[in-house]
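In: here is my input, please return the structure:
(chains A and B)
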Amino acid sequence: SQQGEEDPQALSIQEGENATMNCSYKTSINNLQWYRQNSGRGLVHLILIRSNEREKHSGRLRVTLDTSKKSSSLLITASRAADTASYFCATGTGTASKLTFGTGTRLQVTL
Amino acid sequence: GAGVSQSPSNKVTEKGKDVELRCDPISGHTALYWYRQSLGQGLEFLIYFQGNSAPDKSGLPSDRFSAERTGGSVSTLTIQRTQQEDSAVYLCASSLAGAGEQYFGPGTRLTVT
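Out: Residues are numbered from 1 along each chain as shown, chains lettered A, B, ... in the order given. The predicted structure is shown next:
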């Protein structure tokens, strides 16, 4: 079963614009992670935020976490065509624990 | 260094046959996970191995599914008497003990005809 929902399901923007994706989850978590998937195959880890953190940055990525609302957002700034992919949030209930994935957001960045 | 590898990359099998999917985790990673991704169900957890502890099998959909991890390294996921609903991409991931992030292999696309 899936932990929660992501929205939007699909997002189309132009290169240079920012992209924001949201994730909601249902149960208590230890950490929340974001992954990218190209062409329906392997997932690439992007960023991990722990339950006691509120915001984290990595390059052009910014993640926020609101545990009171059980929600997270991923912001990609100055998007590039190479950012075109599906993005998934995933929650972990402990370190080295199984992940429960959201439904994913398909991002299309056009030139 | 080498990432997580999986074989085969694609497998087509007839309904009722058994299949074995292989995963080679990153060297030194003690945790190994299997997930399944299908159109109707999204990404689902199947099974998790951590060191010498008993595996967490809570995600296996039926007793036709089993997995083993030999010598704390390579893992094999076996599906017996395959059904059409088993068609999916099977993803393996590994992680360091105590770390949250998981490293995924490219997956095995299984098609049951």
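In: what residues are up against the residue in chain B positioned nearest to chain A?
Out: Sorted by distance to chain A under CB to the nearest CB, the residues of chain B start with B:L43, at 3.8 Å. To be clear about C-beta, it is placed using only N, CA and C from the backbone, and glycine gets the same treatment. Residues near B:L43 by CB atoms under 8 Å, 6 or more residues apart in numbering or on different chains: A:Q2, A:F88, A:A90, A:F101, A:G104, B:Y35, B:R36, B:Q37, B:L91.
In: same check on A:N31?
Out: Contacts for A:N31 (CB under 8 Å, 6+ apart) come out as A:L48, A:I49, A:R50, A:S51, A:T91, A:G92, A:T95, B:G100.
In: tell me the buried residues within the residues you listed.
Out: A:L48, A:I49, A:T91, A:G92, B:G100 (16 or more other CB atoms under 10 Å in any protein chain shown).
In: leaving out sequence neighbours, find the closest residue to the third one.
Out: Read that as A:T91. Excluding its sequence neighbours, the residue lying closest to A:T91 (CB to CB, 6 or more residues apart in numbering or on different chains) is A:I29, at 4.5 Å.
In: A:T93 is in contact with that neighbour, correct?
Out: Yes. Here A:I29 reaches A:T93: they are 6.2 Å apart, a contact under CB atoms under 8 Å.
In: and those two? which has more neighbours close in?
Out: Set A:I29 next to A:T93 and count neighbours by other CB atoms under 10 Å in any protein chain shown: A:I29 wins out with 23 against 15.
In: determine the number of other residues adjacent to residue 73.
Out: Went with chain A since none was named. Around A:S73 there are 17 residues (other CB under 10 Å).
In: look at chain B instead
Out: Neighbours of B:S73 (other CB under 10 Å): 15.
In: cool, B:I79 as well?
Out: 23.
In: what segments of the chain are strands?
Out: Just going to use chain A. With DSSP state E as the criterion, chain A has strands at A:5-7, A:10-14, A:19-24, A:31-37, A:43-50, A:55-58, A:61-66, A:71-76, A:85-92, A:99-101, A:105-110.
In: try again with chain B
Out: Under DSSP E, chain B gives strands at B:5-7, B:10-13, B:19-24, B:31-38, B:42-50, B:65-69, B:75-79, B:88-95, B:103-104, B:108-112.
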